[in-house]
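Engineer: sequence and computational prediction follow.
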Amino acid sequence: MEVALFVPCYVDQFYPGAARATLELLEKLGVKVAYPDGQTCCGQPMANSGYEHLTGGCNENFIRCFQGYDYIVSPSGSCVLHLKDHLHTDSSPGLSDEVRHRVFELTEFLTDILKVEKLDARFPHRVGVHQSCHGQRGLMLSQMSELTAAPFSKPGKLLNMVKDIELVELDRKDECCGFGGTFCVAEEAVSVKMGKDRVADHLRHGAEFITGADMSCLMHMEGILRRNKSATKVIHIAEILNSQL
Amino acid sequence: MHTDKKHAALADIFNKDEARVNWHDETLWFVRSKRDRLTHDLPEWEVLRNTASQIKNHVLSRLQDYLLQFEKNALANGVQVHWAADAQEHNQIVCALLKKQGIERMVKSKSMLTEECHLNDYLAENGIEVIDSDLGERIVQLAKEMPSHIVLPCIHKKKEEIGDIFHEHLGTAAGVSDPQILTETARQHLRNVFVTRKAALTGVNFAIAETGEMVVCTNEGNADMGAHLSNIHIASMGIEKLIPKRAHLGVFLRLLTRSATGQPITTYSSHFRKPRKGQEMHVILVDNGRSRQLARPDFKNSLKCIRCGACMNTCPVYRRSGGHSYHHAISGPIGSILAPNLDMDKFADLPFASTLCGSCSNVCPVKIDIHNQLYKWRQELVKAGYTDKKKTVAMKLMANTLSSPSKFKLAGKMGRLALKYVPFTVNNSLNPWYKGREMPAPPKQSFSEWYKERGKDV
């Protein structure tokens, strides 16, 4: 099995640690991982702003970089959802469909494809889990509080394999943090208020770390935590799952 | 309420009073939580949603047939049927019916359609006074405001503020905010209205094609009080309110208030089938853009909406921006996909007032894919040119950079500003990101740079 690692543009530039942890974790689990050169962005920042018609170049580039692999894995639910829903080219629709169906978010890949049941990781801290909406409601990584349906959580299942971790309960377990792509600046007041409220829920329950499968939400909440000089930190789930014993 | 301000600016004003935002958020979250408790206790909940969705899809696929069937049966019941192509025609029909009888005062129960048509203003201009009989609507009417929520019209007002309004208009003592006293005052006030009005207008929750009857749901019994005491009952309904048979009604009644307020059923679910002896009963079937929406494949199923307001209660943006920030009679997520159909220019901002979190689609009792339609409206609005030109230029530059690996690398090297067209430019107060958040600390190396060096070590 050969897996291609897709590192979203902003993760590459601002959060290399999350990408490193993803790569190392996959390798630790015996996966051969390639990091195709020339990758940039999934196109979501334009598409969610109403400019999906400008994403042709990103789509072409993505397909050029990622065709021919068994799976494409990425540590970002939001980018993965965008690719699964919207990656296409008119020049070779068959190829874009093929690539599209091979894209997986990290925790779903670990749970559904690798069927990981055990991890050699230890993280002796109180951790709050942020359910990023696109991962949760889009990719269905976890059950959603709105539905009358049996609970499950792919990220939760993985985190429970980590030694000495203490997961905190939240008052609102799957409320949006308010990042929302360009929403975070276009609707600055509401975005920041949503972020403050989400962070406060974690702090109220004594979280030392806020984790999740989407770095963009974490970046937004980190901005709020740091502005308030909070000791609580954000950490991508890959970094916890890849932590040393 | 008339304003040129857009959602972001209005929400910014709403957020100046953070304690109030907290109160508004928690009040509506309480309603969402009640909804969760009731729906999670019902094992067949998701089946009910699915069934309702399919019934509505079916109706929308044969709307003309069901409308004609409804008309035929309503006429046979002695109900007079009117067709209105738009808001203006609807208002003219109502006005003409009242003028014919020499009526100058009318009582009206909850009807979001008449809010959409701005009926009260129209009738006022024509010398007819309307009193809203739904308590929440009466309060906002006295305050000269629009409803901020389709089910809870005055949810933005605290009881002390309602006490002040009642003191000014209904003669309660200054400073009284006890809900019991205020409600009793409203009750006496409205009783007097009911017995003195000769005309009543109601909305319609469900119209049944096979029987020609209309079902109106209220918690206060105000539709019944108005209609039963009137000489002329006018029911206004959007053409999408039809269901084929009485047998289908139970599905919707079980869904409606569980979704709306977390009640098992509305206190009053009243069937209006034929006029009382000597009474006139009219129904106005209003299009007002609905057939246009029906012809848009991407947005057609927004017409499944049964106006429960669950999408508003769950929406984290709505809870923190307030209904008035949507500057439309129907606010929140559903309003944001209905309003652009009425006026793309005026409501171009609304589909962007969302993080696309998807909670709205999950609570929707008729399974409208609201967040997907918000995304699709964004594409439509940009293509049709209803967008800031500066944003278009920035987006083109960004697309250009992100389409090219070499430009992307170069942009990244220039001080880690790969996304220089999204917010991470400078730490100053002009940068909307920095106003309430710190910037991400730029690392020494990007992942790509680290990966290249790692390759060399091996």
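Structural biologist: That came in fine, so what should we check first?

Engineer: would you state the strands of the stretch 151-300 of chain B in chain order?
Structural biologist: B:199-202, B:206-208, B:213-218, B:232-238, B:242-243, B:268-272, B:280-286 (DSSP state E, counting those that start in this stretch).

Engineer: ugh, wrong one, chain A
Structural biologist: A:2-5, A:32-34, A:71-74, A:103-105, A:126-129, A:166-167, A:209-212, A:233-236 (DSSP state E).

Engineer: coming back round to it: could you dump the strands of the stretch 151-300 of chain B to a markdown table with mean neighbour count, distance to chain A and mean pLDDT?
Structural biologist: Every residue, glycine included, has its C-beta placed from N, CA and C. Formatted as a markdown table, the strands of the stretch 151-300 of chain B follow (neighbours: other C-beta atoms under 10 Å in any protein chain shown; distance: least, C-beta to the nearest C-beta, whole Å; pLDDT from 0 to 100):
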| stretch | mean neighbour count | distance to chain A | mean pLDDT |
| --- | --- | --- | --- |
| strand B:199-202 | 27 | 31 | 97 |
| strand B:206-208 | 24 | 23 | 98 |
| strand B:213-218 | 23 | 22 | 98 |
| strand B:232-238 | 24 | 26 | 98 |
| strand B:242-243 | 24 | 23 | 98 |
| strand B:268-272 | 17 | 23 | 97 |
| strand B:280-286 | 23 | 30 | 98 |
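
Engineer: columns distance to residue B:315 on top of those strands, output as CSV?
Structural biologist: Formatted as CSV, these follow (distance: least, C-beta to C-beta, whole Å):
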stretch, distance to residue B:315
strand B:199-202, 28
strand B:206-208, 25
strand B:213-218, 22
strand B:232-238, 22
strand B:242-243, 26
strand B:268-272, 27
strand B:280-286, 26
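
Engineer: which secondary structure element contains the residue nearest the centre of chain B?
Structural biologist: Nearest to the mean C-alpha position of chain B, counting by C-alpha atoms, centre = their mean, stands residue B:330 at 3.2 Å. According to DSSP states H and E, residue B:330 maps onto no helix or strand at all.

Engineer: over to residue B:371?
Structural biologist: helix B:370-383.

Engineer: same for that helix, what does it pack against?
Structural biologist: helix B:332-342, helix B:359-363 (3 or more C-beta pairs under 8 Å, 6 or more residues apart in numbering or on different chains; DSSP states H and E).

Engineer: so which of these is nearest chain A?
Structural biologist: The closest of those to chain A is helix B:359-363. By C-beta to the nearest C-beta, the value is 3.6 Å.

Engineer: who touches residue B:38 in this structure?
Structural biologist: B:258, B:262-264 (C-beta atoms under 8 Å, 6 or more residues apart in numbering or on different chains).

Engineer: 6 Å - rerun?
Structural biologist: Contacts for residue B:38 (C-beta atoms under 6 Å, 6 or more residues apart in numbering or on different chains) come out as B:258, B:262.

Engineer: same check, this time on residue A:50
Structural biologist: Contacts of residue A:50 (C-beta under 6 Å, 6+ apart): B:378-379, B:382.

Engineer: nearest residue to residue 15 other than its sequence neighbours?
Structural biologist: I'll assume chain A. Among residues not flanking residue A:15 along the chain, residue A:215 sits closest, at 5.0 Å (C-beta to C-beta, 6 or more residues apart in numbering or on different chains).

Engineer: chain B was what I was after
Structural biologist: Closest to residue B:15 by C-beta to C-beta, 6+ apart is residue A:189, at 4.1 Å.

Engineer: any idea how far the one you found is from residue B:436?
Structural biologist: 8 Å (C-beta to C-beta, to the nearest Å).

Engineer: report the buried residues of the longest helix seen in chain B.
Structural biologist: Longest helix in chain B by number of residues (criterion: DSSP state H): helix B:18-40. Residues of helix B:18-40 classed as buried by neighbour count (16 or more other C-beta atoms under 10 Å in any protein chain shown): B:21, B:24-25, B:28-29, B:31-32, B:34-36, B:38-39.

Engineer: which neighbouring elements make contact with the helix or strand that that helix is followed by?
Structural biologist: Moving toward the C-terminus from helix B:18-40, the next helix or strand (DSSP H and E) is helix B:45-61. Helices and strands touching helix B:45-61, by 3 or more C-beta pairs under 6 Å, 6 or more residues apart in numbering or on different chains; DSSP states H and E, are helix B:249-260.

Engineer: relative orientation of the helix it packs on and strand B:268-272 in degrees?
Structural biologist: Between helix B:249-260 and strand B:268-272, the angle comes out at 140 degrees (axes from the mean of the first three to the mean of the last three C-alpha atoms, to 10 degrees).

Engineer: quick check, pLDDT for residue B:421.
Structural biologist: Residue B:421 carries a pLDDT value of 42.

Engineer: in contact with residue 79, which residues are there?
Structural biologist: No chain was given, so I picked chain A. Residue A:79 touches A:8, A:42, counting by C-beta under 6 Å, 6+ apart.

Engineer: nope, chain B
Structural biologist: By C-beta under 6 Å, 6+ apart, the neighbours of residue B:79 are B:281, B:283.

Engineer: and residue B:319, how far from residue B:358?
Structural biologist: Taken as C-beta to C-beta, the span from residue B:319 to residue B:358 is 16 Å.

Engineer: and these two? Which one has more around it.
Structural biologist: In this view residue B:319 and residue B:358 are compared by other C-beta atoms under 10 Å in any protein chain shown, and residue B:319 has more residues nearby, 26 against 23.

Engineer: re earlier: pipe the buried residues of helix B:18-40 into TSV and attach pLDDT and distance to residue B:171 per row.
Structural biologist: Shown next, in TSV, are these (pLDDT from 0 to 100; distance: C-beta to C-beta, whole Å):
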residue	pLDDT	distance to residue B:171
B:21	98	32
B:24	98	29
B:25	98	33
B:28	98	31
B:29	98	35
B:31	98	31
B:32	98	36
B:34	98	34
B:35	98	36
B:36	98	40
B:38	96	38
B:39	97	42
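
Engineer: which residues are in contact with the worst-scoring helix or strand of chain B on mean pLDDT?
Structural biologist: Least confident helix or strand of chain B, by mean pLDDT, DSSP states H and E, is helix B:405-413 with a mean of 79. Helix B:405-413 is contacted by residues A:13, A:38, A:40, B:401, B:418, B:446 when judged by C-beta under 6 Å, 6+ apart.

Engineer: same thing with stretch A:65-77?
Structural biologist: A:1-4, A:6, A:8, A:18, A:22, A:36, A:38-39, A:80, A:99, A:102-106, A:109, A:132, A:134-135, A:139, A:213-214, A:238.

Engineer: the nearest residue to residue B:244 once chain neighbours are set aside: neighbour count?
Structural biologist: Nearest residue to residue B:244 in three dimensions, chain neighbours excluded: residue B:209, at 5.3 Å (C-beta to C-beta, 6+ apart). When neighbours are counted by other C-beta under 10 Å, residue B:209 registers 24.
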